[in-house]
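# What follows is a predicted protein model with its sequence.
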Amino acid sequence: MIEAVLFDLGDTLYRFESNDPRVYFDRGVALAHAFLRDRGMAVPDLAEYARRVRRRMILAFVWSRVRRREIRPVEVLQRIHRRMGIEIDLATTDLLARRYFEPMRVSGRLDPDAPSVLAELSRAGCRMGIISNTFTPPSANDDQLRNDGILDYFPVRIYSCQTGYMKPHPAIFRAALEALDVPAGRTVYVGDKPRLDVAGARRVGMITVLKLGDRSPARIRPRPDHAITRLTELPAILQNHVAKA
């Protein structure tokens with residue numbers, strides 16, 4: 001029988017204006033610049049500051065993809081500012097990072113079906129967690145879940161910027177299984193990207209559910225065990241697995 005369900009964030013539990021962080025860069029860098037100025041730090045003017053940060057962030061992003069390891073945003077921003085002669089501790093850098101990603105966070109809209117579905121799964125005794133490819137600071141992701149009243153459903157939250165591994169690498173899925181203490185064969189993973197979510201979860205033996213949307217590819221490979229268009233279809237899938245057990 002199914003004991004646990006793990007979810008992706010973007011285009012699964014949340015819908016964002018765009019999943020490309022570059023769309024939000026100008027708004028985020030202005031918030032970060034004001035944050036440093038308000039604390040009396042000597043920073044270049046906004047245009048120069050944005051140019052320097054953009055260049056270094058692009059280099060960090062490209063290098064992370066070459067290495068197939070996720071960006072750790074707080075550490076990267078601390079290094080970027082040190083190069084500008086701005087020394088900030090990790091706690092302050094975390095607050096700064098949250099300013100950078102605030103425009104993306106506030107653009108996220110919780111799937112309207114999520115609260116009722118999560119409550120139903122919780123009442124059924126299902127353990128739940130999150131696995132997400134994101135270099136948004138974990139504290140910002142947690143804030144979003146908390147503000148929408150669903151954080152408590154997810155005692156296990158595995159973000160790629162913490163583990164260093166990105167989906168479909170099996171390590172990020174195994175980290176969640178270990179934290180939940182549930183066998184892969186009794187765990188469902190719900191995501192929206194076949195190449196990342198379906199392939200990665202299947203590789204470690206999870207049952208896969210693909211949430212279809214207008215960003216879904218026309219050709220779905222690899223094929224999931226199940227496909228849904230709404231989260232409300234998920235409980236019936238779990239019930240069918242229970243019935244077959």
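Cool, got the structure. Residues are numbered from 1 along each chain as shown.

# Who are the packing partners of the helix ranked longest in the chain?
Secondary structure of the chain per DSSP state H: the longest helix is helix 46-67. With contacts defined as 3 or more Cβ pairs under 8 Å, 6 or more residues apart in numbering; DSSP states H and E, helix 46-67 has these neighbours: helix 25-38, helix 73-83. For glycine as for every other residue, the C-beta is placed from the backbone atoms N, C-alpha and C.

# Show the average pLDDT along that helix.
Across helix 46-67, pLDDT averages out at 91.

# now do stretch 222-234
In this model, stretch 222-234 carries a mean pLDDT of 96.

# can you pull the buried residues of it?
For stretch 222-234, burial by neighbour count (16 or more other Cβ atoms under 10 Å) applies to 224-228, 231, 234.

# Repeat that for stretch 124-140.
Going by 16+ other Cβ under 10 Å, stretch 124-140 has these buried residues: 126-138, 140.

# which residues sit in contact with the nearest residue to residue 114 once chain neighbours are set aside?
Nearest non-adjacent residue to residue 114, counting by Cβ to Cβ, 6 or more residues apart in numbering: residue 13, 5.5 Å away. By Cβ atoms under 8 Å, 6 or more residues apart in numbering, the contact set of residue 13 is 7, 110-111, 114, 130, 150.

# top of those residues by neighbour count?
residue 7 (28 neighbours; other Cβ atoms under 10 Å).

# Show me what that residue bridges to in the sheet.
Following DSSP bridges, residue 7 is listed with bridge partners residue 130, residue 190.

# Does it touch residue 188 like I think?
No: using Cβ atoms under 8 Å, residue 7 makes no contact with residue 188, being 9.2 Å away.

# What's the local residue count around the nearest residue to residue 46 once chain neighbours are set aside?
In this structure, residue 46 finds its nearest non-sequential neighbour in residue 33, 5.1 Å apart by Cβ to Cβ, 6+ apart. By other Cβ under 10 Å, 21 other residues sit near residue 33.

# repeat for residue 152
For residue 152, the count of nearby residues is 11 (other Cβ under 10 Å).

# before we move on, what about the one 3 residues further on?
Taking other Cβ under 10 Å as the neighbour definition, residue 155 ends up with a count of 12.

# any idea how far it is from residue 7?
Residue 155 is 13 Å from residue 7, where distance means Cβ to Cβ, to the nearest Å.

# neighbours around residue 219, how many?
6.

# cool, residue 93 as well?
Using other Cβ under 10 Å: residue 93 sits among 20 other residues.

# Between the contacts of residue 13, which sits nearest residue 46?
Compare each of the contacts of residue 13 with residue 46 using Cβ to Cβ and the shortest gap goes to residue 110, at 32.3 Å.

# Correct me if wrong: residue 101 contacts residue 28.
Yes: counting by Cβ under 8 Å, residue 28 is a contact partner of residue 101 at 6.2 Å.

# tell me the domain boundaries of this structure?
As assigned by automatic domain parsing, the chain contains the domains 4-16+109-244, 21-107.

# most tightly surrounded among the ones you listed?
domain 4-16+109-244 (a mean of 18; mean count of other Cβ atoms under 10 Å).

# any idea how far residue 165 is from the residue nearest the centre of the chain?
Geometric centre of the chain, nearest residue: residue 132, 3.3 Å, by Cα atoms, centre = their mean. Using Cβ to Cβ, one gets 12 Å for the distance from residue 132 to residue 165.

# now do residue 73
Distance from residue 73 to residue 165, counting by Cβ to Cβ: 16 Å.

# repeat for residue 94
On the measure of Cβ to Cβ, residue 94 and residue 165 end up 21 Å apart.

# and if you look at residue 107?
From residue 107 to residue 165 the distance is 26 Å (Cβ to Cβ).

# do the same with residue 79
Applying Cβ to Cβ to residue 79 and residue 165 gives a distance of 21 Å.
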